[in-house]
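*Asks:* What follows is a predicted structure for the sequence shown.
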Amino acid sequence: MKVLSLFSGGGLGDLGLEMAGMKTVFQCELAKFQYELLGLRYPDSIKWDDVITAKEFPKADVLIGGFPCQDISTAKNNAEGINGARSGLWFEQLRNIRTVRPKYAIVENVSGLLVRGMGMVLGGLAEIGYDAEWQMLSSTMFGGHHRRLRVYIVAYPTGSRLQRIFPQPKNLEASIRQSSNKMAHDYFDESLQSDGRIWPSASRVRRVANGIANRVHRLKTIGNGQDPRITKWIGKRIMEFESSRSLNGGDGK
């Protein structure tokens, strides 16, 4: 399955989908450091640097994007919500979903979305003919040592008659444990400690002084990025469903 990625950052969410067996064909990222990083990590994908002006896309089965969270984060008491200058870029993501018409659209954002725009996200998807389901997923559920609780929405064209991509909450942890998601040691350093104790809330990447060339940019990229273990799990569930739908005449039953 081919992937079109918006707000790609350093391509961490795309990495998870590729590990699930998908192929990234298009990426869009404004930040210069991340854009250059995408060129190194994904030399074969088409690159664009502005989601607003991006209008022509290759064919894609999956569109993934985590639009900016600054205006919906609960860390800000006076946040403008999804109509803010930065988080309002959701409407560009919605426009691109309407244009591309992928089989699946994956939307990621912070938990503040639930109270500062979730209705508009789901309503917008419904208006362009997409059903959606969502789940709160945390890196700790996938073996991470930091919480990083995020909302993940998976949408698909109305009438697709899909089964649930996300299991019911009581079966969620069992489904995660059964999947191949033990990736922590590949992405996180084991040695971040305080007084001999591991900090469970922190990403295991050593901090450095501000100003060290590229290092601060790298940490920002990781901090803003999606956890590839989570998108790998979602990607595998999509691939499994597509396989079952093919075997059963295209209806997923």
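*Replies:* Yep, that arrived. Numbering: from 1, shown residues only.
*Asks:* Residue ranges in this structure under the pLDDT threshold?
*Replies:* 161-163, 179-224, 247-253 (pLDDT under 70).
*Asks:* Can you show me the strands along it?
*Replies:* Assigned by DSSP state E, the chain shows strands spanning 2-6, 23-28, 46-48, 62-65, 104-110, 130-137, 150-157, 193-194, 197-198.
*Asks:* Export the ones you listed to CSV and append columns for distance to residue 164.
*Replies:* C-betas here are computed from N, CA, C, even on glycine. Rendered in CSV, the data for the strands of the chain read as follows (distance: least, CB to CB, whole Å):
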stretch, distance to residue 164
strand 2-6, 21
strand 23-28, 25
strand 46-48, 32
strand 62-65, 17
strand 104-110, 13
strand 130-137, 6
strand 150-157, 9
strand 193-194, 40
strand 197-198, 35
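*Asks:* Give me whichever of those is most buried.
*Replies:* Among the strands of the chain, the stretch with the highest mean neighbour count (mean count of other CB atoms under 10 Å) is strand 62-65, at a mean of 27.
*Asks:* Quick check: which helices or strands does that strand pack against?
*Replies:* Packing contacts for strand 62-65, counted by 3 or more CB pairs under 8 Å, 6 or more residues apart in numbering; DSSP states H and E, involve strand 2-6, helix 12-19, helix 90-100, strand 104-110, helix 228-247.
*Asks:* residues making contact with it?
*Replies:* The contact list for strand 62-65 (CB atoms under 8 Å, 6 or more residues apart in numbering) reads 1-7, 13-14, 17, 22, 93, 96-97, 100, 102-108, 231, 235, 238.
*Asks:* Compare the strands of the chain and report which one is nearest to residue 167.
*Replies:* Residue 167 lies closest to strand 130-137 among those, at 8.5 Å (CB to CB).
*Asks:* Take stretch 119-136, keep the C-alpha atoms, and write them as PDB.
*Replies:* Listed next in PDB are the C-alpha coordinates belonging to stretch 119-136 (Å, rounded to 0.1, in the frame of the first residue of the first chain):
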ATOM      1  CA  GLY A 119     -16.100  17.400  16.800                       C
ATOM      2  CA  MET A 120     -14.900  19.500  13.900                       C
ATOM      3  CA  VAL A 121     -12.400  16.900  12.800                       C
ATOM      4  CA  LEU A 122     -15.000  14.100  12.900                       C
ATOM      5  CA  GLY A 123     -17.700  16.300  11.400                       C
ATOM      6  CA  GLY A 124     -15.400  17.400   8.600                       C
ATOM      7  CA  LEU A 125     -14.500  13.800   7.700                       C
ATOM      8  CA  ALA A 126     -18.200  12.900   7.700                       C
ATOM      9  CA  GLU A 127     -19.000  15.800   5.300                       C
ATOM     10  CA  ILE A 128     -16.500  14.500   2.800                       C
ATOM     11  CA  GLY A 129     -17.800  11.000   3.100                       C
ATOM     12  CA  TYR A 130     -15.600   9.300   5.600                       C
ATOM     13  CA  ASP A 131     -16.500   7.200   8.600                       C
ATOM     14  CA  ALA A 132     -13.900   7.300  11.500                       C
ATOM     15  CA  GLU A 133     -12.900   5.500  14.600                       C
ATOM     16  CA  TRP A 134     -10.400   6.700  17.200                       C
ATOM     17  CA  GLN A 135      -8.300   5.600  20.200                       C
ATOM     18  CA  MET A 136      -6.000   7.000  22.800                       C
END
